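In: Sequence and predicted model, in that order:
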Amino acid sequence: MAHKNLSPIRTRKELSAFLSFLEKTIQDEVPRLATTSKSRIYNKEWVDAIELENMLHLLRCATIGALHRAESRGVHFREDFPYTENENWLKENIIRYENGALEVYRRPVTITSMTPAKGRVPYLDMLKKMMESRSDVGGHH
């Protein structure tokens, strides 16, 4: 499910459906996880159960972050927002667990080597500019 719904090409509909699936799984299925062996010595099944719960929480954070970014940037391409918008979105999404809930905060990006374009830029144009600015051979790609 994560491969399909949290892939680099995303839509609000797919992300929202995946978030609902994750929340239902965390609420209904994780508490029922069990292993056949009660031993903690070399118990791969027990380790997998612990890791599964952590992975589900991380996928939930990634999905919430993707839903909160109403633009396309880097490997995050929103078909419903096919542009990069630096005026409003040149920020990092920070997700924290506070008071029993996940909270999303934004902070400005520290710019070190590339001056971002102003306004709204089509996503593919932004990718070309990024590639050209980072290329060790220069020229068009």
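Out: Cool, got the structure.
In: Would you mind splitting the chain into its domains for me?
Out: Here the domain parsing of the chain from automatic domain parsing is 1-68, 84-141.
In: Quick check: which of the ones you listed is nearest to residue 78?
Out: Set against residue 78 and scored by Cβ to Cβ, these come closest in domain 1-68, at 5.4 Å. Placement of C-beta: from N, CA and C, glycine included.
In: Nearest to the spatial middle of the protein, which residue is it?
Out: residue 62 (3.4 Å; Cα atoms, centre = their mean).
In: thought it was touching residue 5?
Out: No. Counting by Cβ atoms under 8 Å, residue 62 stays clear of residue 5, with 10.5 Å between them.
In: returning to that earlier point: of the domains of the chain, flag the one that's most buried.
Out: Each of the domains of the chain was scored by mean neighbour count; the highest is domain 1-68, a mean of 14, by mean count of other Cβ atoms under 10 Å.
In: picking up where we left off before, I'd guess the residue nearest to the centre of the chain is in a strand, am I close?
Out: No. Assignment of residue 62 by DSSP: H, G, I helix; E, B strand; the rest coil gives helix, placing it outside any strand.
In: list the contacts for the closest residue to it other than its chain neighbours?
Out: With Cβ to Cβ, 6 or more residues apart in numbering as the criterion, residue 62 has its nearest non-adjacent residue at 6.1 Å, and that residue is residue 6. Counting by Cβ atoms under 8 Å, 6 or more residues apart in numbering, residue 6 touches 15, 18, 59, 62, 63, 66.
In: Looking at these, spot the one nearest residue 35.
Out: residue 59 (21.6 Å).
In: Quick check: pLDDT value at that closest one.
Out: At residue 59, the predicted lDDT confidence score is 96.
In: from memory it sits against residue 2, does it?
Out: Yes. With contacts counted by Cβ under 8 Å, residue 59 reaches residue 2, the gap being 5.6 Å.
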